[in-house]
Structure formats: structure tokens, C-alpha cells
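K.L.:
coords please:
(2 chains)
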Amino acid sequence: MSSLSAISPARAAAGLGTASLLLLAASPAEAHIVSSRLGDFYAGALHPLMALEDLVQWLALGLLAGMQDPKRGRWVVAGFPLGLLAGVALTHAGLLPAPPRLFDGGGMVVLGLLLALAIDLPAAAVAGLAVLLGVARGSANIDGLDAANDVVLFGAGMLLSGYAAATLISAATLAFRRNGAGWRRIAVRAAGSWIAAVGCMLLAFALRAGVMQ
Amino acid sequence: MTTTCILRAARIVGAGVALLTLTAGAASAHVQTGVAGGLVSGFLHPLTGLDHLIAMVAVGIWGAQLGKPAIWLLPISFPMVMAFGGALGVIGVPLPYTEIAIALSALVLGGAVALRWRAPFWAAAIVVSVFALFHGHAHGVELPNAANPAAYGVGFVSATGLLHLCGIVIGAALRWPLGERLVRGVGAAIAALGCFFLYAAVLGI
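P.N.:
Have a look, this model is predicted:
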């Protein structure tokens, strides 16, 4: 007797009924999950990674944390994502306006100079910088968000993204500068000087735009 | 048989071309817009002027000749000072004799490499910083209203840093006696070009 004939008519009917029900309940397929309910979560996680203003400052903060003693640098891992969340919440509640464009260049100059000069910061300064930058970037990213978007999901996505970025970049920097020749520390400092230079140019562009408006 | 195959292939190709025609989007004359355009535009800007290019390579070579700490401090300080000069140019702060200073930078830096000038670190830093200010200012004045300033800045600074790195890599040849002569020859060539640029700047060519 084959295994097919072993299926009872009742089980076959039940299976067919279930399959029919599932077919009737099927909704249209969506190629992009962004248009589903979870879209706002992904939007929050990915939105900061689409703009160089965010990318460069996030990178600079991670590099700075990685150049500090691990006991002090690890404050960035908690401070930055929480700052992002605070920025999103405060701006959404109307308590904090989005930062002006000068903040983008200013943040890069400060972080880049701290990196290039290889300044050892106390834990409170590291945490303060992380929270400040987080609040500014969270506020800048939530600004202009559509009313139809879910702010909670958007903020949660950004929190996760900020946590991942802060952890991965600082850990990678620490591993890079610890295991190897002295030039590695110099390379990170050179990256800091580049970031400060980019920030300086961004400040000038923002100033010129302000003057011309 | 062969004719049938050719006809069949022609039909398939024809159908493909028709499909492509139907699905074609609007043509863009310039594809480099937004972040990509800003990056490319910023990256190419320091590479398009020979006077800037040779001076920046010379900074790297001279740093390699001077050894530590100049080999890494000069390329770290140059982008920052140059960006400061660029910022002055962007916001419209005037700086006199820019073209002459840029030509002099190639002459002095190339000459320093050719003559193996073992300048004290502070003197080298001052020389490089002063010239960086003028180079940055010249770039800043010429900068367009970048569609994406951040992308433009990243491209511009990366290209400058990579030119220094080129100089440092050329300076690696200093390990060998023949390499040292070659490096000094490169310095002499840069100085000679600097002479030409100075001549052109003074005469306003």
C-alpha cells in the first residue's frame, strides 16, 4: 500500500479546507517591507545611515570612544543611543527645535579635533559628548517626519541603529589600535584631522548659505 | 536551417529592443547628482589643478624625508589648515597674492625635497601650514554651490589626504640609495614646475 492511499478522506478534506481558507485570507504580496507596518522601524534604523552628516559624526564618535581607555569609552555605547531617543522624543513633543545646519559642521570639527589631538577625556566628558550628539542627531532625523509615521517605531529603529554603530565602531577602533604597530593610532588621528577638515568646510557652506538667504 | 535560426534570433532581438524601448526612462544629461555627484566633484577638484597636486604630493615626500614626527604630523595638520583656508574662501574673506603663494609652495616644497632640507619640525609645520592656507583659500573661492556640501567636503578632503599619502609612498624609496636620488629628482621636478607657475603668476598669464 502506498503512503498516498494511507491518507484518510477526512484528513484530506480537512487539509483542502485549510488550504482554501488560507488562500481566501491571503493579502496582496508586498515586495518591499517598508510599506508594511514595520516600515517605520526600518526607516528609523536606516534614515541616519543615508546622510553623510550623520555617517561622519557617528563614525567620529565611535572612533573617539575607541581611542579612549575602554572604561571611559564604553559610556558612548549607552549615552549615544539614549541621546538619540531623547532627541527624537523631545523634538516630537515640540520641546526641542531641530538643530541648525551649523551644528553638523561644528560637531565634526569638535570630534575631529579631539581625535586628531588624541585628547584623553574624562568619563563624564565622553558620556556628555555622546548624549549631546545623540540628542542633536535624533532631533535632526525626526524633523520633518510625516504625521502618519509611527514615532515609537521610528525611535526604536534609530535606538537600535545607534547602539549597533556605537558598539561596532568603538570596538573595531579599539581592536585596531591595540593589536599592531604604532602607525595604527596615527591613522585614526589622521582620520580625525580629515573629519575636522570636512566639518570646517561644512561650516563654511552653512555660513555662506546663511549669508545668501 | 541556418536562415531559420537567424530569423528566430532576429525576432528575439527585435522583441528585446522593443521591450527596452517601452521601459526606457527619461535620459539625464548629468548622472552625477546628489551625494554621488558631490563626492565625485569634491574628489576631482584637488586633482584637476597641477599646481595644487604637486604641492600636496611634495608635502608627503618632505614629511617622509624628515621622518618622525613630521611624516605623520604634516599630513595631519595640512588638511585641517587647508580646510580652514577653504572656509575663508567659501565665506568670501579675501587673501592677497594667492596664485603667487601657491606657485611658491611648489618651488619651496620641491626645493626642500631636492636639497634634503632637514628643517626643524616647528619650521616645517609653519611652512606647510602657511602654504596650506593659500591652497585651501584658492579652492574655497572656486568651490561651487555644492548640491551636497557634506559629500563635496568628504570627497575634497579624501583626495587631498590621498595625495599626501602618494607623497609618503614615494618617500618610501628613500630606503635605497638609488631611490633617494630619484626622490630628490622628483623634488627638483616639482621645484621646476613651481618656477614655471611663479613666472606665469607674476606675469599674470
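K.L.:
can you give me the end-to-end distance of stretch A:176-183?
P.N.:
10 Å (Cα to Cα, to the nearest Å).
K.L.:
flag every buried residue along the helix or strand encompassing residue A:152.
P.N.:
Residue A:152 is part of helix A:151-178, with elements assigned from DSSP states H and E. By neighbour count on 16 or more other Cβ atoms under 10 Å in any protein chain shown, the buried set for helix A:151-178 is A:151, A:153-159, A:161-163, A:165-167, A:169-171, A:173-174, A:177. Backbone N, C-alpha and C define where each C-beta goes, glycine included.
K.L.:
stretch B:162-180 too?
P.N.:
Quick answer for stretch B:162-180 (16+ other Cβ under 10 Å): B:163-164, B:167-168, B:170-171, B:173-174.
K.L.:
elements contacting the helix or strand that the helix holding residue A:152 is followed by?
P.N.:
Downstream of helix A:151-178, the first helix or strand assigned by DSSP H and E is helix A:183-212. Where contact means 3 or more Cβ pairs under 8 Å, 6 or more residues apart in numbering or on different chains; DSSP states H and E, helix A:183-212 is packed against helix A:52-67, helix A:102-116, helix A:151-178, helix B:70-91, helix B:149-171.
K.L.:
so which of those helices is nearest residue A:41?
P.N.:
Closest of the helices and strands packed on helix A:183-212 to residue A:41 is helix A:151-178, at 4.2 Å (criterion: Cβ to Cβ).
K.L.:
how big is the angle separating the closest one from helix A:102-116?
P.N.:
For helix A:151-178 against helix A:102-116, the angle by axes from the mean of the first three to the mean of the last three Cα atoms, to 10 degrees is 20 degrees.
K.L.:
which strands and helices sit next to helix A:151-178?
P.N.:
Packing partners of helix A:151-178 (3+ Cβ pairs under 8 Å, 6+ apart): helix A:39-46, helix A:52-67, helix A:70-73, helix A:75-92, helix A:123-142, helix A:183-212.
K.L.:
need the CA coordinates for stretch B:63-71. CSV is fine.
P.N.:
C-alpha atoms of stretch B:63-71 as CSV (Å, rounded to 0.1, in the frame of the first residue of the first chain):
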residue,chain,number,x,y,z
GLY,B,63,57.4,64.5,5.6
ALA,B,64,58.8,61.1,4.7
GLN,B,65,62.3,62.7,4.3
LEU,B,66,62.1,64.4,7.7
GLY,B,67,61.0,61.2,9.4
LYS,B,68,59.1,61.1,12.7
PRO,B,69,57.1,63.0,13.8
ALA,B,70,56.9,65.1,10.6
ILE,B,71,55.9,62.1,8.5
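K.L.:
distance to residue B:51 and mean pLDDT for the helices and strands packed on helix A:183-212 - can I get that in a markdown table?
P.N.:
Shown next, in a markdown table, are the helices and strands packed on helix A:183-212 (distance: least, Cβ to Cβ, whole Å; pLDDT from 0 to 100):
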| stretch | distance to residue B:51 | mean pLDDT |
| --- | --- | --- |
| helix A:52-67 | 29 | 93 |
| helix A:102-116 | 27 | 92 |
| helix A:151-178 | 36 | 92 |
| helix B:70-91 | 14 | 84 |
| helix B:149-171 | 12 | 84 |
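K.L.:
give the helix, strand or coil label for residue 118.
P.N.:
Using chain A here. Three-state call for residue A:118 (DSSP: H, G, I helix; E, B strand; the rest coil): coil.
K.L.:
ah, no, chain B please
P.N.:
Under the three-state scheme (three-state DSSP), residue B:118 adopts coil.
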